[in-house]
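**Student:** Fold the following.
(one chain, ligands or ions: 1)
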Amino acid sequence: MNQKELTELIRHFCEERDWDQFHSIKDLSIGLSTESNELLQLFRFKDEKQCEEYLANNRKKVEDECADVYYYLLRLSDLYNIDLNQALENKMKDNHKKYPKELVKGKNLKYNEYE
Ligand SMILES: [Mg+2]
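**Tutor:** Take a look at the predicted model:
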């Protein structure tokens, strides 16, 4: 399924359950953050090697949390008319200005740390 079809699938799922009433911008943002943290939780207290092993052995759990994040992102963008593709395209233009390759190549500094 493409992004539009997934958005419609989620919309239909929520309409059948009368969940629109629970999907304020605030609560969807909280849901997005919560699911992001559930993804993070999977790797808590693990070093880099343990994280790689965890991913190899628990791929479904990681995929499920990524799907939860995507669900909230698509739901929020659908209800509040955010064109995710356009927003990302705009943000990448900003990122090109914020992180000129001549200054940041091979560095992981934040934009305000290399000036
Ligand atoms: Mg989850």
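**Student:** Give me the buried positions along the helix or strand where residue 4 lies.
**Tutor:** Assigned by DSSP states H and E, residue 4 falls within helix 3-16. Across helix 3-16, burial judged by 16 or more other CB atoms under 10 Å covers 7, 10, 14. C-betas here are computed from N, CA, C, even on glycine.
**Student:** Quick one: residues contacting the last one.
**Tutor:** When you say that, I think you mean residue 14. 20, 23, 75 (CB atoms under 8 Å, 6 or more residues apart in numbering).
**Student:** Now, those that are in helices?
**Tutor:** Mapping those onto helices (DSSP state H) picks out residue 75.
**Student:** Who wins on neighbours among the contacts of residue 14?
**Tutor:** residue 75 (21 neighbours; other CB atoms under 10 Å).
**Student:** Now the residue minimising distance to the centre of the chain. Nearest residue, chain neighbours left out?
**Tutor:** Closest to where the C-alpha atoms of the chain average out (CA atoms, centre = their mean) is residue 69, at 5.1 Å. Excluding the flanking residues, the one nearest residue 69 by CB to CB, 6 or more residues apart in numbering is residue 35, at 4.7 Å.
**Student:** Contacts for stretch 107-115 next, please.
**Tutor:** Outside stretch 107-115, the residues that touch it by CB under 8 Å, 6+ apart are 98-99, 103-104.
**Student:** how about 6 Å then?
**Tutor:** With CB atoms under 6 Å, 6 or more residues apart in numbering as the test, stretch 107-115 has contacts from 98, 103.
**Student:** Only the buried residues of the helix or strand encompassing residue 63, if you could.
**Tutor:** Per DSSP H and E: residue 63 is located in helix 59-79. Under the neighbour-count criterion of 16+ other CB under 10 Å, helix 59-79 has 62, 65, 68-69, 71-79 buried.
**Student:** Get me the contact residues on the protein for the ion.
**Tutor:** Contact residues (CB under 5 Å from the ion) of the chain with the ion: 35, 38, 68.
**Student:** mind redoing it with 6 Å?
**Tutor:** Residues of the chain found near the ion, taking CB under 6 Å from the ion as the criterion, are 35, 38, 65, 68.
**Student:** I'd like those written out as CSV, with distance to residue 50 and pLDDT added.
**Tutor:** Shown next, in CSV, are those (distance: CB to CB, whole Å; pLDDT from 0 to 100):
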residue, distance to residue 50, pLDDT
35, 22, 98
38, 18, 98
65, 17, 98
68, 22, 98
